[in-house]
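Chemist: Okay, predicted coordinates and the sequence, questions at the end:
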Amino acid sequence: MTLAQHFAELRRRLYWAALALVVGSAAGWFVSDVVMDALRVPVMQITQTQGRTAALNYDSITGAFDLKMQMALTIGVVVSSPVWLYQLWAFFVPGLTRRERRYAFGFFFSAVPLFAVGVVSGWLLVPHIVTLLTGFASNQDSAIIGAKTYFDFVMKLVIAVGIAFVLPLFLVLLNFVGVLSAKSILSSWRVALIVIAIFCAIATPAADVLSMFLLAAPMVSLYFGAAGVAVLHDKRLKRAELQPTFSAGTIA
């Protein structure tokens, strides 16, 4: 394909991705109230558990509208992700070799469920974290929480945990392409544990040991699971390298 043909192909892919995003955002506008009701549950629990008044607050006249637009766009990105991810995949696939295509295919279909599990894990931590953080205020004070700030906090936490669950796949991918050996991954386990602990301390309150453990345990398991896959892959490559040698010796 010529450069002009590549640009035409890119424009066509972007058109379908943008169309899917618009349709998904339109659907997100109608379900945003349901999502907001789910986000409001941890705030309502503050009144039940701490005996204080708690409510979401909009700091401007257009605050509620702006938040609903942001939620609709966020839902649209999530709902339309199969379409725009496929368009991105289809644009780059012709330039990949068969081996690279196989690795990318396996990475994509492994990353999606792992990211979904991470998002669900982050969502389950939200009520506990909200209750803990607002518990530092005096019982005589009211918890007036900015709606947009609260939504941004939840989204950052959920997405961060989702991405963290996908990171071990990058170790496997680097091992499969020959950049990182299984021995290097296993020998760096101390550094990995420290990095996981730091991430959990940032993603969850440092004083909340239970939330840190609930988040760190699956991340550590995924890390050693990735190391196990890398060990099996390196052993298979080593057997493949030794097999021609044995065959040559048998013929001689």
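Modeler: Yes, it's here. Numbering: from 1, shown residues only.
Chemist: hang on, residue 130 packs against residue 46?
Modeler: Yes: counting by Cβ atoms under 8 Å, residue 46 is a contact partner of residue 130 at 7.1 Å. Heads up, the C-betas are built off the backbone N, CA and C, glycines and all.
Chemist: Tell me where the stretch 151-252 of the chain has helices.
Modeler: Under the criterion DSSP state H, counting those that start in this stretch, the stretch 151-252 of the chain contains helices at 182-187, 189-203, 209-251.
Chemist: and the angle from the helix or strand of the chain with the lowest mean pLDDT to helix 189-203?
Modeler: Least confident helix or strand of the chain, by mean pLDDT, DSSP states H and E, is helix 209-251 with a mean of 77. Using axes from the mean of the first three to the mean of the last three Cα atoms, to 10 degrees, the inter-axis angle of helix 209-251 relative to helix 189-203 is 150 degrees.
Chemist: List the residues that contact residue 196.
Modeler: 216, 219, 220, 223 (Cβ atoms under 8 Å, 6 or more residues apart in numbering).
Chemist: For the residues you listed, which single residue is the most surrounded?
Modeler: residue 219 (22 neighbours; other Cβ atoms under 10 Å).
Chemist: Residue 139 versus residue 228, what's the distance?
Modeler: 49 Å (Cβ to Cβ, to the nearest Å).
Chemist: low pLDDT regions in the stretch 101-250 of the chain?
Modeler: 204-208, 244-250 (pLDDT under 70).
Chemist: Save the contacts of residue 196 as JSON lines, and put in distance to residue 194 too.
Modeler: Formatted as JSON lines, the contacts of residue 196 follow (distance: Cβ to Cβ, whole Å):
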{"residue": "216", "distance to residue 194": "11"}
{"residue": "219", "distance to residue 194": "12"}
{"residue": "220", "distance to residue 194": "11"}
{"residue": "223", "distance to residue 194": "12"}
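Chemist: and residue 228 and residue 139? which has more neighbours close in?
Modeler: Each of residue 228 and residue 139 has its neighbours counted (other Cβ under 10 Å); residue 228 has more, 14 against 8.
Chemist: any idea which helix or strand carries residue 55?
Modeler: strand 54-57 (DSSP states H and E).
Chemist: buried set for that strand?
Modeler: By 16 or more other Cβ atoms under 10 Å, the buried positions in strand 54-57 come out as 54, 56.
Chemist: Please identify the buried residues of the helix or strand just after it?
Modeler: The helix or strand immediately downstream of strand 54-57 is helix 63-79, counting by DSSP H and E. Neighbour counts over helix 63-79 (16+ other Cβ under 10 Å) mark 67, 68, 70, 71, 72, 73, 74, 75, 76, 79 as buried.
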